[in-house]
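Q: Here is the input, now give the coordinates:
(2 chains)
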Amino acid sequence: MKKIIHIISAFTFLGILLSCGNNSQKGHQKQGALGSNAAEKVYVAPGEYDEYYAFISGGFSGQLSVYGLPSGRLFKVIPVFSQDAEKAWGYNEETKPMLNTSHGFVPWDDAHHPDISQTNGIVDGRWVFINGNNTPRIAKIDLTTFETTEIIEIPNSAGNHSSSFVTENTEYVVAGTRFSVPIPQRDISIKEYKGNFKGSLSFISVDPEDGGMDLKFQIMMPGFDYDLAHPGRGASHGWFFFSTYNTEEASTLMEVNASQNDKDFIAAVNWKKAEEYIKAGKGKMMPTKYAHNVYNDKTHMATSTMKDEVLMLDASELPGLVYLLPTPKSPHGCDVDPSGEYIVGNGKLSANLTIHSFQKMLAAVESQNFDGESYGIPILKFEDVLAGVVDQAGLGPLHTEFDGKGNAYTTFFISSEVVKWKLGTWEVVDRQPCYYSVGHLMIPGGNSREPFGDYVLAMNKITKDRYLPTGPEVTQSAQLYDISGDKMELLLDFPTVGEPHYAAGIRADIVMKNSKKIFKLEENDHPFSVKNEGETKVVREGNVVHVYMSMIRSHFSPDNIEGIKVGDKVYFHVTNLEQDYDVPHGISMIGANTSELLIMPGQTETFLWEPKQVGVWPFYCTDFCSALHQEMQGYVRVSPANSTLPLSWSLGED
Amino acid sequence: MKTILKAPFFLLGFFVMISCKDNANKEIESGKIDSTTESVSSKDQGQAFLKDDEATPNVLNIAIGSPDHTTLVAAVQAAELENALVNAGPLMVFAPTNEAFNKLPEGTVENLLKPENKDQLAFILKHHVTPGKYDKEFLKKFKTLGQASNENVSVEVIGDDVYIGGAKIIASIPAGNGIVHVVDAVILPKN
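A: Alright, predicted model coming up:
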């Protein structure tokens, strides 16, 4: 069969050669992948760098993957919400607190929407924020270490979906609840949904210096489902827009009952007004419970703090805080163009896109000519705020991004395509198929005032026959299109980690210059760190034993330990003394039921070992660190529980 | 399997050869770009052309396999809606029989099948598709359905019969990605 394909392919190429022989180079580029230099456009030669970073959410994997564009090469999977044995994330003592919540230790989540921090409306490459959907959380990834350094739980929220999007100067990272719930939570009948269940929109401030997050305030909203969100920018800076569905406030058979209203809303929230109300003392402190987990790069340890109150503003009671913009058919994506003037509602059950005008919205607010209200929140007239409609552009519109050149790109799930259209004239100018069933799409910087506009990455939910089959579960994929010309051109299609739910991209040079190479040993403030081999020791406190251990090419210190007893809790605190780039060491202990540790130069990590059997047990380095990596090993002697053998430890003593 | 693999490759070669002839025309491969669900590169690409003997037939497979729906299938192919009908959906397709199409005024179908009327045909076909999957009994709960054409159709219950936009459901076949309700009339959109 292969032969047949080859022969046919050969004919195909012959066909191209013959028929295109007398055409110009430019002509070739218009022909789509086969006739063009698509391969050349995504080829990054060995040793060279990609032009862009793409931070692609892992969806149900709970993690964030770092890829290069245009090559589609995977560089790193950053553990965020899910335990990761490879990096000991959520296994070692230092990072377990990062996964603490008000529901206890929750070592997984459904990661959805990464967004890069901004300064003056332009992506600045300092941090990536991403939401955990299931147990509502927002995480911050530091782009100097490419590690998760903060996770804040969102109280009064459930299905944290319209998150985590940043304002123009990263004043806030914003999170909206998908499911409305009783606020505060209480034991009531689900049938009492209407009026009793509420939505909440959370504004988390970000410290401009160190990125520290703080849940500043929440806005109590009617019991709709808040689906997606984006910030205003430029003239609309100070506003935030949230798409809603289930304005019917149904609680069962949602596929029918949440689709009864012809129009749901985009909620326009004036967060500058919220700040004024807070200053005027209109917010109310409300008891609640949420975890705030912070990782410190100096102590190499995380701490988890349980908070017990939140400042709440009630949209029903505070005029001018929120307005509702009617938007057809359960809008999903809610996207704001680079100028901040157009707010695009992608009605997922519609064939059309609805675009609202920010200026018209302001005028409508000014005229106070409302189309009624919902729980005291004014509803603006559809015609008053409508800027235009992209008519019959495809089936099942989901999300829109922008190229900064006056074009918008929208994904259509059912008709499985990306459609390019013009802002202002609303005409469709190009379309390209996706393989298959595209969800989000991403243009690097596409959610900012200045998108980079070279590529769009479409993220597909279904691949079926696109790759070699791997049983019933096959990979999901991302597809890269060149959008620098008039026509989109499919360049590359590559498999992804987990579900590529959404992504954020940025020019590589903005980020790479800040990337750390090592942790400085002299700045290591870990309470169990050692700065040199002379400081290594083993200390017993009852049945708890602390091993202060170091590692350097190519040995552990100490590498022989005696006097450990069955029933002890042995904490190995292991410091990598290396101060050289890309020389991690690892350690694993036979029978240890926590993950191996992968420790970066200058870092200290800890794992717990509870020996259950008498004997002499080896440990070894798990990272191929050096030419003498196989020699990097040691032994621990475990004696019976009632043994009186004193503790001893050594390196190089016979 | 072999023949399936061969066909797209031949087509591809064919395409490239033709399109290179008049390179000056930028839109040669995409044809008219303002129509609704057209695939831009090769016509026979996408999920619709994937061979799958294991999974439950989808709504497109069911229509293709039915001798009573040859007109509908011809229309779907003319409108290039194949790939939309094999989507994860769920999709509820109201499938008029050949007889239903025959009830239309003389020449209507022939006219719609002309390439220049592709958009209109696609619009009418989309008027027969609902995002959702409900059996006939469950449909009785609805007053209207929102169709992929962006227009609504009425749901009426007369005795034990269910009428969608005036067309009576005469059979129902569950599909892998939705359900096909066979109807006795073409449902015409208001526009």
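Q: In space, what's closest to A:G59 - neighbours in sequence excluded?
A: Leaving out its chain neighbours, the residue that sits closest to A:G59 by C-beta to C-beta, 6 or more residues apart in numbering or on different chains is A:E499, at 2.6 Å. Where you see a C-beta, it was placed from the backbone N, CA and C, and this is true even at glycine.
Q: do A:N642 as well
A: Once flanking residues are discounted, A:N642 sits nearest to A:K565: 7.9 Å by C-beta to C-beta, 6+ apart.
Q: Run a quick neighbour tally on the one you found.
A: Number of residues near A:K565 (other C-beta atoms under 10 Å in any protein chain shown) recorded here: 21.
Q: ok, so what distance separates it from A:F607?
A: For A:K565, the distance to A:F607 (C-beta to C-beta, to the nearest Å) stands at 18 Å.
Q: hang on, the earlier thing: just checking, the residue nearest to A:G59 touches A:G62?
A: No: the criterion here is C-beta atoms under 8 Å, and A:E499 misses it with A:G62 at 10.3 Å.
Q: can you map out the helices along chain B?
A: B:2-21, B:59-65, B:70-78, B:82-85, B:98-102, B:108-112, B:118-126, B:136-139 (DSSP state H).
Q: buried ones in the last one?
A: By neighbour count with 16 or more other C-beta atoms under 10 Å in any protein chain shown, helix B:136-139 contains the buried residues B:K136, B:L139.
Q: Show me what it is packed up against.
A: On a contact count with 3 or more C-beta pairs under 8 Å, 6 or more residues apart in numbering or on different chains; DSSP states H and E, helix B:136-139 meets strand B:161-164, strand B:167-175.
Q: For the last one, list every residue counted as buried.
A: Meaning strand B:167-175. B:A167, B:K168, B:I169, B:S172, B:I173, B:A175.
Q: ditto for stretch A:497-509
A: Buried residues in stretch A:497-509, counted by 16+ other C-beta under 10 Å: A:V497, A:G498, A:E499, A:P500, A:H501, A:Y502, A:A503, A:A504, A:G505, A:I506, A:R507, A:A508.
Q: how about the spatially closest residue to B:V183 that is not a sequence neighbour, what does it touch?
A: Nearest in space to B:V183, with sequence neighbours left out and distances taken as C-beta to C-beta, 6+ apart, is B:A167 at 3.8 Å. Listed by C-beta atoms under 8 Å, 6 or more residues apart in numbering or on different chains, the contact set of B:A167 reads B:F94, B:P96, B:A100, B:V183, B:D184, B:A185, B:V186, B:I187.
Q: so what pLDDT did the fourth one get?
A: When you say that, I think you mean B:V183. Note on B:V183: pLDDT of 96.
Q: do the same with the third one
A: B:A100 is assigned 95 on the pLDDT scale.
Q: Over to the first one?
A: We have a pLDDT of 96 for B:F94.
Q: Now for it: which residues touch it?
A: B:H128, B:V129, B:T130, B:I164, B:G165, B:A167, B:I169, B:H181, B:V183, B:I187.
Q: for the last one, same thing?
A: By C-beta under 8 Å, 6+ apart, the residues touching B:I187 are B:F94, B:P96, B:H127, B:H128, B:V153, B:I164, B:G165, B:G166, B:A167.
Q: Return the member of the helices of chain B having the minimum mean pLDDT.
A: Here the lowest mean pLDDT among the helices of chain B goes to helix B:2-21, at a mean of 39.
Q: So for whichever strand or helix holds A:I204, mean pLDDT?
A: Secondary structure from DSSP states H and E places A:I204 in strand A:197-206. Confidence for strand A:197-206, expressed as mean pLDDT, is 98.
Q: For A:A478, list each beta-bridge partner.
A: On the basis of DSSP bridges, A:A478 is bridged to A:M459, A:F494.
Q: for the stretch 1-150 of chain A, which spans come out with low pLDDT?
A: Scanning the stretch 1-150 of chain A for pLDDT under 70 picks out the ranges A:1-36.
Q: which residues in the stretch 101-250 of chain A form helices?
A: Applying DSSP state H, counting those that start in this stretch to the stretch 101-250 of chain A gives helices spanning A:193-196.
Q: still on that earlier bit, ok, of the contacts of B:I187, which come out buried?
A: B:F94, B:P96, B:H127, B:H128, B:V153, B:I164, B:G165, B:A167.
Q: For the strand holding A:I204, enumerate the helices and strands it packs against.
A: When contacts are defined as 3+ C-beta pairs under 8 Å, 6+ apart, strand A:197-206 sits against strand A:172-176, strand A:181-182, strand A:213-221, strand A:225-231.
Q: so which of those is the most packed in?
A: Ranked by mean neighbour count, the helices and strands packed on strand A:197-206 are led by strand A:172-176 with a mean of 29 (mean count of other C-beta atoms under 10 Å in any protein chain shown).
Q: who does that strand pair up with?
A: Its sheet considered, strand A:172-176 pairs with strand A:165-166 (antiparallel), strand A:197-206 (antiparallel) by DSSP bridges.
Q: Using TSV, lay out those together with mean neighbour count.
A: Formatted as TSV, the strands paired with strand A:172-176 follow (neighbours: other C-beta atoms under 10 Å in any protein chain shown):
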stretch	mean neighbour count
strand A:165-166	25
strand A:197-206	24
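Q: In CSV: those strands, plus distance to A:I141.
A: Below are those laid out as CSV (distance: least, C-beta to C-beta, whole Å):
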stretch, distance to A:I141
strand A:165-166, 13
strand A:197-206, 13
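Q: what residues are up against the residue nearest the centre of chain B?
A: Centroid-nearest residue in chain B: B:V76, 4.1 Å away (criterion: C-alpha atoms, centre = their mean). With contact taken as C-beta under 8 Å, 6+ apart, B:V76 is in contact with B:L60, B:A63, B:E82, B:L85, B:L125.
Q: Report the contact partners of the residue nearest to A:G59.
A: Contacts for A:E499 (C-beta under 8 Å, 6+ apart) come out as A:S57, A:G58, A:G59, A:F60, A:S61, A:K461, A:Q476.
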